[in-house]
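Undergrad: Return a 3D structure for these sequence lines:
(one chain, ligands or ions: 1)
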Amino acid sequence: MEPQLTIKEINPEVFIRAERMLRVLFPNFSSGWIEACKDRLLDVEYIGKEKNADVFHVKRNIKFDGEPSGRGKSWGYRKVTLWSGKSGFCSCFFGPYSYKRRKELCSHIGACILFRFYFQILKQQEKV
Ligand SMILES: [Zn+2]
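TA: Residues are numbered from 1 along each chain as shown. Got it, this is the predicted structure:
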């Protein structure tokens, strides 16, 4: 992926296929979690490589974070570091609900995985 990459306009066909891949990767996760990841897709920006990981920023969505809006304003984004597969780390792990998030995997990471799938599929289509 090219650095500083965002999705400006969603290709519905690619989006559906990427969502399917996310569901296959996380079969035990709720539809609510999948929906939260989908809602965040346009908020994801791919920043670039850092060692063996991909680094993303996810613009902060106060509605889903459920934290007081006053505090939310100063954050701006979450930083997500993603290794291969499901392995990732999010800056929200340091937040007030960090234990729960770490255990369940936050939708910031899910959104970045979905973003990665999206571009994988897009690339495959271009080759055809
Ligand atoms: Zn997070």
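
Undergrad: For Lys49, which non-adjacent residue is spatially closest?
TA: Val55 (7.3 Å; C-beta to C-beta, 6 or more residues apart in numbering). In this view, the C-beta of every residue, glycine as well, is placed from N, C-alpha and C.

Undergrad: which SS state does Glu2 fall under?
TA: coil (DSSP: H, G, I helix; E, B strand; the rest coil).

Undergrad: what sits against it?
TA: Listed by C-beta atoms under 8 Å, 6 or more residues apart in numbering, the contact set of Glu2 reads Tyr46.

Undergrad: May I have the secondary structure class of the residue nearest to Lys49?
TA: Following three-state DSSP, Val55 is assigned to strand.

Undergrad: And for it, the neighbour number?
TA: Residues within reach of Val55, counting by other C-beta atoms under 10 Å, total 17.

Undergrad: Could you report the pLDDT at it?
TA: If you check Val55, the pLDDT there is 97.

Undergrad: tell me the phi and psi of Ile10?
TA: phi -80, psi 130 (degrees, to the nearest 10).

Undergrad: Do I have it right that it meets Leu41?
TA: Yes. Judged on C-beta atoms under 8 Å, Ile10 makes contact with Leu41 at a distance of 7.2 Å.

Undergrad: More neighbours: which of the two?
TA: A direct count of neighbours by other C-beta under 10 Å for Ile10 and Leu41 places Leu41 higher, at 20 against 13.

Undergrad: Please settle this for me: is the more buried one part of a strand?
TA: No. If the criterion is three-state DSSP, then Leu41 is helix and not within a strand.

Undergrad: Pro3 against Asp54, yeah?
TA: No. Counting by C-beta under 8 Å, Asp54 is not a contact partner of Pro3; they are 9.9 Å apart.

Undergrad: Overlap of the contact sets of those two?
TA: Common contacts of Pro3 and Asp54, defined by C-beta under 8 Å, 6+ apart, comprise Tyr46, Gly48.
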